[in-house]
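Novice: This is a predicted model, with the sequence first.
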Amino acid sequence: AQSVTQLDSHVSVSEGTPVLLRCNYSSSYSPSLFWYVQHPNKGLQLLLKYTSAATLVKGINGFEAEFKKSETSFHLTKPSAHMSDAAEYFCAGGTSYGKLTFGQGTILTVHP
Amino acid sequence: DTEVTQTPKHLVMGMTNKKSLKCEQHMGHRAMYWYKQKAKKPPELMFVYSYEKLSINESVPSRFSPECPNSSLLNLHLHALQPEDSALYLCASSHPGQGIDEQYFGPGTRLTVT
């Protein structure tokens, strides 16, 4: 069975410093992986997706993620945090019958 | 247009009421989903419709009744809910098919059961 683990429930950074949100997956087959962001009382917005075309995936708002099969990881990064990046981030894995398996989420706090 | 709309934004209902949540998309997607999200938790899948047919029901209680009248609309009919059903209800859509396509989410309906 596929599972997704987000290694940090909370991450706190200062504005202008790098962001790293960690996600590991377990799967017996090549996965499709996604990062979503959710601002308070809002729906989920897709940041980026990995579907085996390239291991380094660029998304919206300056985010990117690198798929590392040897480490079963799909960490999300951004070189410089902005106050508007403060939100909850979900890593998710997809199955061929349409079901997404979500990690537990990481709350990102950005300090001025 | 990558927008999924949901109405109403907020809903307060008593345990004896009947109400419906509505979801609409015009992206030509043929898979639509209902999720339930409790505070500080990830979304939990409830139902999946593929080509207007129910393909996945995640053992959801019968007081939740989904309906897909056409390829653009998805409803969730609510009856005799319990206070623990209070949550954010999210709708999503995607292309069903050979690959695994991303799901696009609506803003959600915040449901409070009193």
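Specialist: Yep, it's here. Note that the coordinates shown come from a computational prediction; the quantities given were computed from them, not determined experimentally.
Novice: Chain B contacts on chain A?
Specialist: With the criterion set to CB under 8 Å from any CB of the partner chain, chain A comes near chain B through A:32, A:34, A:36, A:41-46, A:49, A:51, A:90, A:94-100, A:102-105. Where C-beta positions appear, they are placed from N, C-alpha and C, glycine not excepted.
Novice: what sits against A:Lys99?
Specialist: Going by CB atoms under 8 Å, 6 or more residues apart in numbering or on different chains, A:Lys99 touches B:Leu45, B:Val48, B:Ile56.
Novice: please redo it, this time with the cut-off set to 10 Å
Specialist: A:Gln2, A:Ala92, A:Gly93, B:Tyr33, B:Leu45, B:Val48, B:Ser55, B:Ile56, B:Glu58, B:Ile100, B:Gln103 (CB atoms under 10 Å, 6 or more residues apart in numbering or on different chains).
Novice: Report the buried members of those.
Specialist: A:Gln2, A:Ala92, A:Gly93, B:Tyr33, B:Leu45, B:Val48, B:Ile56, B:Ile100, B:Gln103 (16 or more other CB atoms under 10 Å in any protein chain shown).
Novice: beta partners for A:Val110?
Specialist: A:Val13 (DSSP bridges).
Novice: I figured it was touching A:Pro18, is that so?
Specialist: No: using CB atoms under 10 Å as the test, A:Val110 is too far from A:Pro18 to be in contact (11.7 Å).
Novice: If you average pLDDT per helix and strand, which one of the chain comes out bottom?
Specialist: You didn't say which chain, so I picked chain A. Between all helices and strands in chain A, the lowest mean by mean pLDDT, DSSP states H and E belongs to strand A:100-102, at a mean of 90.
Novice: let's do chain B instead
Specialist: strand B:53-57 (a mean of 91).
Novice: Name the residues that touch it?
Specialist: A:97-99, B:31, B:33-34, B:45-50, B:64, B:66-68, B:96.
Novice: and stretch A:92-112, how far apart are its ends?
Specialist: Stretch A:92-112 has an end-to-end distance of 29 Å (criterion: CA to CA, to the nearest Å).
Novice: you'd agree B:Tyr49 is up against B:Glu67?
Specialist: Yes: using CB under 10 Å, B:Tyr49 makes contact with B:Glu67 at a distance of 9.0 Å.
Novice: coming back round to it: check which helices and strands the least confident helix or strand of chain A sits against.
Specialist: Contacts defined by 3 or more CB pairs under 10 Å, 6 or more residues apart in numbering or on different chains; DSSP states H and E place strand A:100-102 against strand A:3-6, strand A:32-38, strand A:87-94, strand B:31-37, strand B:44-50.
Novice: ok so, going back, any shared contact partners between A:Val110 and A:Pro18?
Specialist: A:Ala81.
Novice: more neighbours, these two?
Specialist: A:Val110 (19 against 10; other CB atoms under 10 Å in any protein chain shown).
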